Structures are given as C-alpha cells and as structure tokens.
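In: predicted model, plus sequence, below.
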Amino acid sequence: MTIWYATEEFTPEEREKLAPYFTNLDGPVFALVNLPEVVKGALFARYSRTSKSLRRLFLDEFAQEIGEFTATGHVGTERAEKLYDRVFFEYGDDSVAQLGGVHLACEQASQLLCKALEWGRLAAYLEQSTRYMRYDDRPGGRWRFTMPQEIEGSSLAERFRGYMDHSFETYGKLFEPLAEFFRRLYPKDPNDSDFVYRSTITAKTCDALRDVLPAATRSNTGIYATGQSYEQLLLRLRAHPLQEMREYADLMLVELRKVIPAFLKRVDLEDRGVAWSEYLADTRERTREVAAKVLAGTQPEPRDEVTLVGWDPDGEVRVVAAALYASSDLPDDQLLEIARSMAPPEREAVLAAYVGDRANRRHKPGRAFERTEYRFDVLCDYGAFRDLQRHRPLTMEWQQLTTEHGYEIPPEIEEAGFLDEWRSVMDRSREIHQALLAEGFDDAAQYAVAMAYKIRFVMQMNAREAMHLIELRSTPQGHPVYRRVAQQMHRLIDERAGHHALAAAMRYVDYSNVELERLEAERRTEAKRKARR
C-alpha cells in the first residue's frame, strides 16, 4: 500500500472478539460476516453519527449485547461455488449475482472517493456526517485528509500539506468561538434539555464550518450491495484516473472475495473485467480529447443557481393518462388522446384522486408520476452537492471540482466576524489548486478544492423522484444551501414548466425560514427516546 492510513490498535482480547465478525482487523476496508442482518443494519445506522471506526463502535456498543453467533460454516460451500461457476460465470446469468450481498466498510476515504463509491444506483450507502462530527481531532497524529500519491512526490507536496494544515487548523480555531456565537444568538429554551440544546448548537456549528474543509477530507462510508453491484463498482474504480480510487478497488476486491468470491471472478480477468475497465478508461479519455477540441475557447455563460433546462410541456397530460392506465383496458396512446381532450378541471380531478390525501411526505403517488421528467442544471457548493448526489433513482452527472465558479460564504461566518479567516482558506485553496493544474495534475488538483467552492452538475428526474427529493431536502432540519436548491426546483416546476397541479401535489415542500435547523428534529428524537424507556 502506498497511501498512509491511521492504524487502530486493538488489544489481544479485542481482536479475539472482532475476529469472527470482521474480515480484516488492521486495514481500512473490511466486510461484516456472521452477524444477523439487523445487527449489521444497526451498526451502519449508528455509524453515520459517530467519529468511531466501525470495529471500535462494535466493541463499545454492540459486542456485549449480541452474545455469541455461530460462525458461518463451510458445509456446502464447495457445491455452491460450482453452481455459481456454472450459472453465473460460464453462462453469464448476471441476475444470479443479485442474490448475494455484503456489508462493506470503506474507512478513511477522501470526499472524492466517497462520491465515486456512491455512484451506483443499486446499493445502499451510509456516510459519516459532517453535520454531526467535528473534524478538529488528529487520529494517528495527523489531520483527517488524504495525501494523494500523485502529489506526494511532487514539488508541490509540502505546499499542499501546508494548505491542508491551514484549513483544518482554521476549522479547529473557529469551532468554539462560532459555537459561542450561536449560543448567544439562540439562547437555550428552558423546556429543552441540555442534550438537545448542545446537539443543536453543535450541528449548527458543523453546518457553518464544514465547507472550509478540503475535498481531501476523509470520511467513513458503509455500503450494502449485491455481488453484481460490487462488480460494477470495482470495474469503475479500476478505470478511475486517481490512484486512491484504484487502490481502494484492490482493497475492496480482496475483502469481498472472502465473502462472495464466486460473484467477483470476472473483475480481474484480462478478457472480462480488465477489458471492461480499459473500455471505460478509453472512452473517458477520448471524450475529454474531443471536448477539448470542440469547446476550445468557450467560456461558461452566467446562470442562476438552479436552471430548469428540460421538461415536457405536456407533462401533466401524460401523467393523467398514466394515472388512468392501470384502471382501464385501453392502449396507452388512446388514453393519452383522451387525457389531452379533457378540460383542465377533469384532468385535475384525475390527479386529485391519484394523489389522494397525503398525510405526510412519505405518502407518495404511484408510477404515473414517472411519466414526465425534469432536467436541472445546478451550480452550488460542493458540500451541498455531496448530499444531493446521494439521491440515486435519477440521472446525475457532475463536472470537475474547480475553484473557477467561486465559493459560498455562510452568512453566519460573516455575522460572527470570521470572514477574513474564511477568505484566507479559500484564497489558499485557489492558489494551490491553480498551481497543481499548472503542473499537469488535472484530476488530483480536485483534492485541494475547499468544499465551499461551487460545482456544476445536472440532475434529471421524473416527477415522482422530484417529489421525494424536493420535499426531503427542503425540510427545516436540512442544510440551508440544499434547502435553497430544492425550493428553487419546486418553483421552476410550477412557474417555468407550468406544471401547477404536479407542483401542488408536492404539498410538503417547506419554505419556512429556519434558524436552528436541527432543533425540532433533536426535540423529536429525544421525545422518542423518552417514550421507549
């Protein structure tokens, strides 16, 4: 291994407890085995709200309660391997690889790697949250950032490290003064417990400061996926231009083969997975070359933070026809003509019946809402993008992370009097990013970009997914930037696309002005906790 990782120390007794349930006790990538699915799920759920590694979390909070689970035996393993070889490998029935799943932890991953890991739609992910975790500690005596191997041996290595130190030191320096600013601005309600108030202030402080950190900042990611999804993920990572991604692909393959070896035999075969990864790398480079030629000299035109660039003017008519389909015996095109001939009140009546009385945002209409789509071009800070990117049942593409589009300044930073410190980090981020580009580090330069800088990406989704995303991301406990993005999407569906009925069906879009985003959520959590006692 070439990338430095902090090694967690376990006592002999702890290693004995861990060994039956983790495929690796020393490296940053490992799988969970021999545990009930509910325990694995609980571990990953707890994972996102703690700074502990998964193995430490298991020792501290789960090991004493779960007792001894019988380790998976080898009876029938050889027979099963032969079956999978015949059906999956020889005959190519990929659906067989959907039947075996693995919980896998990928720790100490940069933000860039986390987004690469979370590319696939058919998998479940949980990522350590920058909203709840402080990043001013130094595990192993080092700040939590990845030193890219591409930069490590270059003349810019020390300058890169200096910028990393500066950004993390600024984060640590500002944390307590900013938290105190929030405590003065939002005094504790006598009805709230100390725990609720402290958690809310911490979340508010983390929200305001997280974007001062660079894209090299490390996180922990938990994945649950099938063999087929892991195969696709590994093929993509092995074709990636950044060494960190390729190295993690190798680490993941070793651990996954300890659990589902039959599903991953094609990954590193020359005429199978290797050829596939080479194809992905080749098409990426060819596209870059042709884009450089046809777009040479063209500068980006100014755009709003969110732009609706694609929609169907007949979208609501098509949704009405689709809503009638399952309740009729008519062909789809005939229903479309009928819907088109209806008077607006008739179409509204159909949609009203189909949407029904939604008691909460989890009550969603059916697949008829998938009959029309919206394509949004978004330019917002990388921190908010990281949250929006985790919506998978849609089409998302993003551009290189750069400093060219400017950066976000949280209003609280200026109000608290920390604008100079914020700009200092942003200026150094831009300087080292530009220096890396000048030295030819086109991909690795992204590690140096502070998460406050804006990234351009497109999100294409049907109306059903738009309802889910917009209502979820506009909730009061959401981060202010992605709340703003979600609210703009809703307005554009209503005003620009003219889909008034569909926009009205999204009745749980929240436009309220919220100051302490996490307060109500923390109050509800505490109420549930007390109710269980």
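Out: Everything's here; your move. Residues are numbered from 1 along each chain as shown.

In: is it fair to say L174 lies in a helix?
Out: Yes: per DSSP: H, G, I helix; E, B strand; the rest coil, L174 lies within a helix segment.

In: mind listing what the residue nearest to it when sequence neighbours are not counted touches?
Out: Counting by CB to CB, 6 or more residues apart in numbering, F418 is the residue found nearest to L174 once chain neighbours are left out, at 5.5 Å. For the C-beta atoms, the positions are set from N, CA and C on the backbone; glycine is no exception. Listed by CB atoms under 8 Å, 6 or more residues apart in numbering, the contact partners of F418 are L174, P177, L178.

In: contacting residues for the last one?
Out: In other words, L178. T205, A208, L209, E412, I413, A416, F418.

In: against L213, how distant is it?
Out: Remark: distance between L178 and L213 (CB to CB, to the nearest Å) = 14 Å.

In: repeat that for the second one.
Out: Relative to L213, P177 is positioned 17 Å away (criterion: CB to CB).

In: on that earlier part again, now intersect the contacts of L178 with the helices, please.
Out: Those of these mapping onto helices are T205, A208, L209, E412, I413, per DSSP state H.

In: with those residues in mind, which one is nearest to W119?
Out: The nearest member of the ones in helices among the contacts of L178 to W119, counting by CB to CB, is L209 at 27.3 Å.

In: which SS state does the nearest residue to the closest one once chain neighbours are set aside fall under?
Out: Leaving aside its chain neighbours, L209 sits nearest to Y171 (5.6 Å; criterion: CB to CB, 6+ apart). Here Y171 is recorded as helix under three-state DSSP.

In: from D194, how far off is Y171?
Out: Y171 is 25 Å from D194, by CB to CB.

In: compare the two and say which is more crowded by neighbours.
Out: When Y171 and D194 are compared for neighbours, Y171 comes out ahead with 23 against 8, by other CB atoms under 10 Å.

In: which pLDDT value does the model give G153?
Out: Note on G153: pLDDT of 89.

In: pull the number of nearby residues for it.
Out: Residue crowding around G153 was assessed by other CB under 10 Å; the count is 7.

In: now do G356
Out: Burial measure for G356: 11 neighbouring residues, criterion other CB under 10 Å.

In: ok now do it, which residues does it touch?
Out: Taking CB under 8 Å, 6+ apart, one finds H363, P365 in contact with G356.

In: list the buried ones in stretch 17-33?
Out: Buried residues in stretch 17-33, counted by 16 or more other CB atoms under 10 Å: K17, L18, Y21, F22, T23, N24, P28, V29, F30, A31, L32, V33.

In: chain center to it: distance?
Out: Distance of stretch 17-33 from its chain centroid, counting by CA atoms, centre = their mean, to the nearest Å, is 24 Å.

In: which strand or helix spans E397?
Out: strand 395-398 (DSSP states H and E).

In: please apply the same query to K40.
Out: Judged by DSSP H and E, K40 forms part of helix 37-47.

In: give me the mean pLDDT for that helix.
Out: 69.

In: for the helix or strand that it is followed by, packing partners?
Out: Scanning forward in sequence from helix 37-47 by DSSP H and E, the next helix or strand is helix 54-57. Using 3 or more CB pairs under 8 Å, 6 or more residues apart in numbering; DSSP states H and E, the elements in contact with helix 54-57 are strand 29-32, helix 37-47.

In: output the below-cut-off pLDDT ranges for the stretch 201-350 of the chain.
Out: Along the stretch 201-350 of the chain, no part satisfies pLDDT under 70.

In: can you tell me, leaving aside adjacent residues, what's nearest to the residue most central in space within the chain?
Out: Central residue of the chain (CA atoms, centre = their mean): R390, 3.6 Å from the mean position. Counting by CB to CB, 6+ apart, E118 is the residue found nearest to R390 once chain neighbours are left out, at 6.0 Å.
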